[in-house]
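Trainee: Mind looking at a prediction? Sequence and model below.
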Amino acid sequence: MLKIAIQKSGRLYEQSLQLLKECGIELNNGNRQLKVQAFNFPAEAYFLRDDDIPQYVCDGVANIGIVGENVFFEKSKDIQIVRKLGFGRCRLSIAVPKSLNYSGLKDLNGLKIATSYTVLLQKFLNENNLKAEIHEISGSVEIAPGIGLADAICDLVSSGSTLFTNNLREVEVVLNSEAALVVNKNLDKENVKILDNLLLRIDAVKAAKNYKYIMMNAPDHQLKNICALLPGMKSPTIVPLAEKGWNSIQSVVNENDFWQVIEKLKVFEAEGILVVPIEKMIS
Ligand code: PRT
Ligand code: ZN
């Protein structure tokens with residue numbers, strides 16, 4: 001039985017459950033219990049505060065967990081990240097009052113910086129040979145300069161609107177972060193197998209999000225060009241149409257290259273191009 005630690009409420013809760021759901025693992029946590037067993041996969045979920053997840057995974061109370069990289073690095077427990085999950089994106093940044101004249105890193109020297117991320121901030125200061133005073137606070141870091149508690153802050157930023165409404169300006173990025181799957185280093189054989197199965201599913205879900213299935217008709221003399229453009233998972237499927245000299249081509253295309261590929265397909269005389277989302281993609 002694989003024990004999975006998930007944030008019990010907060011920014012990672014919904015998307016962690018959604019990811020597991022897309023992996024075919026249903027957890028009905030309607031009553032917000034501490035522990036819920038999946039009914040169609042050998043796993044149970046523990047719902048915990050995100051800050052506690054690295055410790056629980058390290059101690060083996062949970063075997064794996066979903067937590068922000070910011071928390072993983074701040075807690076620096078002896079556990080490992082096996083997958084980045086692509087949600088919960090944010091950055092840990094240093095911000096100063098808009099009125100402060102900031103021209104570069106050296107201006108951080110001598111400042112008092114409020115943060116909940118003392119480990120990561122200290123590491124950043126050391127790496128840049130800076131000397132600043134770290135003032136640890138656990139919540140509402142953004143109000144610290146306004147009430148005279150600190151000169152600057154180091155906190156998580158996503159849209160930037162919290163900084164904006166508090167008259168702060170982001171000046172340095174300490175860490176870019178997203179949700180990650182963390183794993184205890186001493187899993188038993190049975191759990192290694194279950195984890196491998198889970199990773200296969202996660203990879204299939206992630207790959208599917210990055211690719212689209214594409215179908216089109218094209219004349220014989222353009223097949224070579226189109227096959228070179230659309231290598232697919234192995235090679236494209238080509239089926240002759242009833243009309244002589246024409247073919248139906250099916251392949252997959254990466255979301256990032258999508259519009260460039262479409263433009264070229266038009267040049268290569270492709271017609272009736274259909275693009276559909278992929279639900280799972282297993283290589
Ligand atoms: O109760 P528990 O301890 O479990 O939750 P928590 O309150 O500590 O964490 P929570 O739910 O706020 O965040 C969980 C994780 O989500 C974090 O550890 C990050 O990995 C990730 N994440 C992504 C964020 C943000 N984006 C984010 N914007 N965590 C916090 N914020 C906060 C930030 O601290 C600041 O107060 O949102 C505000 C800034 O947001 P913007 O959009 O105004 O820039
Ligand atoms: Zn927390």
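Mentor: That came through, no problem. Ligands and ions are numbered 1, 2, ... in the order given.

Trainee: In the stretch 51-200 of the chain, what residue lies closest to ligand 2?
Mentor: Closest residue of the stretch 51-200 of the chain to ligand 2, Cβ to the ion: residue 51 (4.1 Å). Heads up, the C-betas are built off the backbone N, CA and C, glycines and all.

Trainee: For ligand 1, see how far away the residue nearest to the spatial centre of the chain is.
Mentor: In the chain, the centroid-proximal residue (Cα atoms, centre = their mean) is residue 86; its distance is 2.1 Å. Distance, residue 86 to ligand 1, by Cβ to the nearest ligand atom, to the nearest Å: 12 Å.

Trainee: Pretty sure that residue sits in a strand.
Mentor: No. Secondary structure of residue 86, determined by DSSP: H, G, I helix; E, B strand; the rest coil: coil, with no strand assignment.

Trainee: buried stuff in stretch 17-26?
Mentor: For stretch 17-26, burial by neighbour count (16 or more other Cβ atoms under 10 Å) applies to 17, 19-20, 22-23, 25.

Trainee: now do stretch 25-34
Mentor: Under 16+ other Cβ under 10 Å, the buried positions of stretch 25-34 are 25, 27.

Trainee: now do stretch 75-93
Mentor: Under 16+ other Cβ under 10 Å, the buried positions of stretch 75-93 are 75, 77, 79, 83, 85-88, 90-93.

Trainee: Name the helix or strand for the nearest residue to residue 240 once chain neighbours are set aside, please.
Mentor: The spatial neighbour of residue 240 that comes closest, neighbours along the chain excluded (Cβ to Cβ, 6 or more residues apart in numbering), is residue 247 at 5.6 Å. Assigned by DSSP states H and E, residue 247 belongs to strand 246-254.

Trainee: mind checking pLDDT for residue 123?
Mentor: Note on residue 123: pLDDT of 98.

Trainee: ok, now which ones touch the residue of the stretch 51-200 of the chain closest to ligand 2?
Mentor: Applying Cβ atoms under 8 Å, 6 or more residues apart in numbering, we find residue 51 in contact with 71, 75.

Trainee: Strands of the stretch 1-150 of the chain, start to end?
Mentor: Taking DSSP state E, counting those that start in this stretch, the strands of the stretch 1-150 of the chain run over residues 2-7, 35-37, 43-48, 64-68, 79-84, 90-97, 112-115, 133-136.

Trainee: out of these, deepest packed?
Mentor: strand 64-68 (a mean of 27; mean count of other Cβ atoms under 10 Å).

Trainee: Is it positioned near ligand 2?
Mentor: No. Strand 64-68 lies out of reach of ligand 2 by Cβ under 5 Å from the ion, never closer than 8.9 Å.

Trainee: one step back: surely the residue nearest to residue 240 touches residue 236?
Mentor: No. The criterion here is Cβ atoms under 8 Å, and residue 247 misses it with residue 236 at 9.8 Å.

Trainee: So which bits of this protein are right by ligand 2?
Mentor: 50-51.

Trainee: show me what contacts the residue of the chain positioned farthest from its centre?
Mentor: What lies farthest from the middle of the chain is residue 244; by Cα atoms, centre = their mean that is 47.6 Å. By Cβ under 8 Å, 6+ apart, the contact set of residue 244 is empty.

Trainee: Give me the distance between it and ligand 2.
Mentor: 66 Å (Cβ to the ion, to the nearest Å).

Trainee: Specify the local secondary structure of that residue.
Mentor: What three-state DSSP gives for residue 244 is coil.

Trainee: Quick check: phi and psi on it?
Mentor: Main-chain dihedrals, residue 244, degrees, to the nearest 10: phi -60, psi 140.

Trainee: Compute the number of surrounding residues for residue 122.
Mentor: Other residues lying near residue 122 total 13 when counted by other Cβ atoms under 10 Å.

Trainee: my guess is it meets residue 136, correct?
Mentor: No. Contact status for residue 122 versus residue 136: not in contact, 10.5 Å apart, counting by Cβ under 8 Å.

Trainee: Please list the residues outside the longest helix anywhere in the chain that contact it.
Mentor: The longest helix of the chain (DSSP state H) is helix 189-210. The contact list for helix 189-210, computed with Cβ under 8 Å, 6+ apart, reads 1-2, 19, 22-25, 41-43, 63-64, 82-83, 85-86, 181, 183, 187, 254-256, 277-283.
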